[in-house]
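Asks: pasting the structure only:
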């Protein structure tokens, strides 16, 4: 008898059929992966299992009995618990208070605190219940989420992309915890797009593509290539790699020490590195280690850097505004698309004006025709699927908006392009295109700095790698000499 | 000495209005909703309370009427802001403008009315103590209720699970929603309670403080109450203290006017408003201090999944 | 059960229909109110919507009332689009009137007829100074501009009272709190003989065009709007939020001050405690109902003037209280905010 069986589940949204007759079978004590690229329908499926969304058709069986999961509370009552990719934590409350809020009311706060220590000990999860959550690292916050889920004595635990915030070593520790849980009879649904992890951890894998199931396989018997084929219908197009021939130093960061602006942020401590023309430097690191602060200092959103700590072609730009830096050839693609890289309710044409001012005439007059034609050319050149230059930015899919924003900056012919999380939340096709564009840019002599939490991506496109941890930056290493294990150690701050 | 005791008594009296209003606003702000309609709600409640007192002669019914009036207006505001996600600032302003006009409209009939017998209050034994007696123990019961309310709200926020839930909702409605809490209903409840307390404050002004109805009689107290919650960094005890402080400034300026001090009356009348500005400046100077203490979701719209 | 579903693009049709629906709702509630008050609803509606446009004279009166509302609302539209909440336009209006009066009182019998220009400039300056205080306190001390600008309204009222009861009181005025009646040279020239409408209308028309250009055809206007729509994007683009703050406040303060100057140099001809007529607050409603768009604001200013004039007529002809105007104005804004949801959301049956 299966712990969870979904049969012919369908869910239609106005613009898209998110789930199309999806079936899923999970046995007791099984670790089952749900693999698919962004937009394949994984999160809708999980929301249905977790009670946040009702399916249009199909049947759910729990331990053989048909059930209707009407709400997250109903799911919890059945024994289904979920750890989200984006934590549902309250920064100003303690870990214990956070966990308490996630449980039903019967226990007192003191009892919960004691229980947290117990559970954490049993599963090897290091969690201090009395610390306010905002003082915790991202990995520690995830542990609080997992402890919260475990304290509900789940029969089915759903984990949504759990390793995007972990160092490779921490990922192994998590796997130990999960295997222990599975051995005790808890079923686990593991949502991911990381093929290596799925093959290492999971007993079975259901692959989704465009809302349909394309395969149910034993990952140990599959290769990355075959899983990729199921996931995107083909193997990912290989990227053209040419020898990098680095030229002069374009960006020189030296001794960048910066106190945090946000009380919940990370301070930078003596960050030093440089980026040369014609090379891609990748900065690896788990989120929350100072990447945001470093990006803001380089882009000019934060102008408090000590004088001389950031130089572009030997000129000191540490205190300059983003507009001045852009005029000198420094362009930036931020990790948040909507709300920072683009204004959601403005059109694509208007959004070009954020960083491209060729259409601004004397006295600030806007040449509306020129603005529009720039947007049109970007849409064409970068293969952006959009209604037209007049479409609102928020009407585009994540991948297409990212193509537009990256395209907008590449089209400016920068001397230095800084990109943060270039393919986060982007479908595989668009991701491949974007990475290809970055490589082409590099081949044309531009200096490129990429910050990403996806180690695979960095290994694929970078020439040199650095790691950022707790606000400090490691020495750089050519990518050929780097290994995942080494970078993983460095992510914990342990470079020589 | 007598004068001073009376001044303290008057300060408590005046501060109680701000206390009720600001405590109410604190509750809805803790849930993440800022209600700029305080002034309008207080005026409508003042008229409602006064009318009830005129027709029934019962102060407690008048307070109830005020609370209902404030709560009803706040509910309308809440539905718009929470379910239709209208801009909180604009909607609150609309409420203030509407409330001011509506109160003036309804209140026309009551501008010449006077309330009946006025009770005086006197706590036995305590009220007879020298100095402290007239200063502290001869107040309307509502004054003591305000203090009790402060304690109750502090206990609620920091010692009860429901208060923790409210604070969580104010900090991150998205996370609270993911945990399965009925965020919108919680916020509406907070908004209604806040409106009801503003209503009590409004009724207190017309029924106890002045025994009159005059158009626009709150003279900005609703706005000062809003400033108070920021000044008190959303803590109940500090709200009460701030309310008495402002009450004190108001009383002081009336005292000085009465004594024919050589400053023209208009400058003295300005004092509470200038004081509010000064206080806002002082507390806001440290932007990150405010950010750490402010319920993080204030003013931002919430869209459940 | 109904639920709201986000539209991928804001609906242009609803954007224009929403104020009309809101007006319809207000009219319906108004009709109910008239009936409850025992008055003939048709007469009531006529007084509000037909009387104010019946004759040439009525139209010019409409223009006189609409001009200050329009001017203030244009400035407020820029402010609100920049997410700067200037609620104290009433206070800036008062200071504009005060400064304008101060200049006007310098006129002597031999001053030329051009003198109304410095009077109006004085008004602009006064409004800008008062709004500048708000900008300064927000810029340097992070003080919330809503509360500061509002507190300054109360302070402005007291300053006005102090002046007209004290140093500026007309010694020949029978001890009434009012200044001298300003000389004709300070008065804004009238457009047509026999009507009260003056050059202010022309100023307002020019302002509408200027603000449209500012908002939709200049980079500065674009920067202001981005600052209001997505502050992180404005930061990313390098748009100065300080510049936006000061521009928005000085511009709206100046416009409110100009309106104040026009009032004293126009219809009133002197400074009295009754100068503040609530235009600063009504203009907030005008700005929103006009969708924060210069053309929309023209229409909503005319609509609001109809409410004002209708209110006055309702009082004199139907015996209805003047505060009814305030009720209608508030209702209009409420309904508009509710209807505006439909611009960004569709109503769907819950599946």
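Replies: Now that the structure is in, tell me what you want to look at. Everything numeric here is computed off the predicted structure, so don't read it as measured data.
Asks: for chain B, what are the nearby residues on the stretch 201-350 of chain C?
Replies: Contact residues (Cβ under 8 Å from any Cβ of the partner chain) of the stretch 201-350 of chain C with chain B: C:281, C:284-285, C:288, C:321, C:323-331, C:333-334, C:337-338, C:340-341, C:345. Every C-beta, even on glycine, is put in place using the N, C-alpha and C of the backbone.
Asks: So what's the gap between stretch C:258-271 and the chain middle?
Replies: 14 Å (Cα atoms, centre = their mean, to the nearest Å).
Asks: Repeat that for stretch A:467-479.
Replies: 19 Å.
Asks: residue in the stretch 301-450 of chain A nearest to chain C?
Replies: Residue nearest to chain C within the stretch 301-450 of chain A: residue A:322 (3.3 Å; Cβ to the nearest Cβ).
Asks: Low-confidence regions, the chain specifically.
Replies: Just going to use chain A. The model of chain A has pLDDT under 70 over residues A:15, A:235-237, A:496.
Asks: I was thinking of chain C, sorry if that wasn't clear
Replies: Using pLDDT under 70, the flagged stretches of chain C are C:1, C:8, C:350-351.
Asks: Please, where are all the helices along chain B?
Replies: B:2-30, B:38-56, B:59-78, B:88-107, B:132-136, B:141-159, B:161-171, B:173-178, B:183-204, B:221-231, B:236-258, B:265-284, B:287-293 (DSSP state H).
Asks: and the spatially closest residue to residue B:64 that is not a sequence neighbour, how many neighbours does it have?
Replies: Closest residue to residue B:64 apart from its sequence neighbours, by Cβ to Cβ, 6 or more residues apart in numbering or on different chains: residue B:52 at 7.7 Å. Residues lying near residue B:52 (other Cβ atoms under 10 Å in any protein chain shown) number 23.
Asks: ok, now residue B:126?
Replies: Applying other Cβ under 10 Å, I find that residue B:126 has 12 neighbouring residues.
Asks: quick one, what contacts it?
Replies: Residue B:126 is in contact with B:132, B:133, B:136, B:137, counting by Cβ atoms under 8 Å, 6 or more residues apart in numbering or on different chains.
Asks: pLDDT score for the residue lying closest to residue B:239 once chain neighbours are set aside?
Replies: Closest residue in space to residue B:239, ignoring its immediate chain neighbours: residue B:232 at 4.2 Å, by Cβ to Cβ, 6+ apart. Predicted confidence (pLDDT) for residue B:232: 90.
Asks: now swap in the one 4 residues further on and tell me
Replies: In the prediction, the pLDDT value recorded for residue B:236 is 95.
Asks: so it touches residue B:24, yeah?
Replies: No: taking contacts as Cβ atoms under 8 Å, residue B:236 lies outside contact range of residue B:24: 11.2 Å.
Asks: How is residue A:275 classified with respect to secondary structure?
Replies: Using DSSP: H, G, I helix; E, B strand; the rest coil, the structure places residue A:275 in strand.
Asks: which residues does it bridge with?
Replies: residue A:251 (DSSP bridges).
Asks: Could you pull up the contacting residues of the spatially most central residue of chain A?
Replies: By Cα atoms, centre = their mean, the mean C-alpha position of chain A lies nearest to residue A:424, the distance being 4.7 Å. Each residue near residue A:424 by Cβ under 8 Å, 6+ apart is listed here: A:335, A:452, A:453, A:454.
Asks: Out of those, which two are the most distant from each other?
Replies: A:335 and A:454 (11.9 Å; Cβ to Cβ).
Asks: Are we agreed that residue C:297 is in a helix?
Replies: Yes: assignment of residue C:297 by three-state DSSP places it within a helix.
Asks: Sort out which residues of stretch B:136-153 are buried, please.
Replies: Along stretch B:136-153, these residues count as buried under the neighbour rule (16 or more other Cβ atoms under 10 Å in any protein chain shown): B:136-140, B:142-146, B:149-150, B:153.
Asks: How about stretch A:449-457?
Replies: A:449, A:450, A:451, A:452, A:453, A:454, A:455, A:457.
Asks: Next: stretch A:362-376.
Replies: Applying 16+ other Cβ under 10 Å to stretch A:362-376 flags A:366, A:370, A:371, A:372, A:374, A:375 as buried.
Asks: Stretch C:55-66 too?
Replies: Applying 16+ other Cβ under 10 Å to stretch C:55-66 flags C:58, C:60, C:61, C:62, C:63, C:64, C:65, C:66 as buried.
Asks: Next: stretch A:304-313.
Replies: A:305, A:309, A:310, A:311, A:312, A:313.
Asks: right, quick check: that stretch against chain C, any contact?
Replies: No: using Cβ under 8 Å from any Cβ, we find that stretch A:304-313 stays clear of chain C, coming within 13.5 Å at best.
Asks: Fine by me, thanks again.
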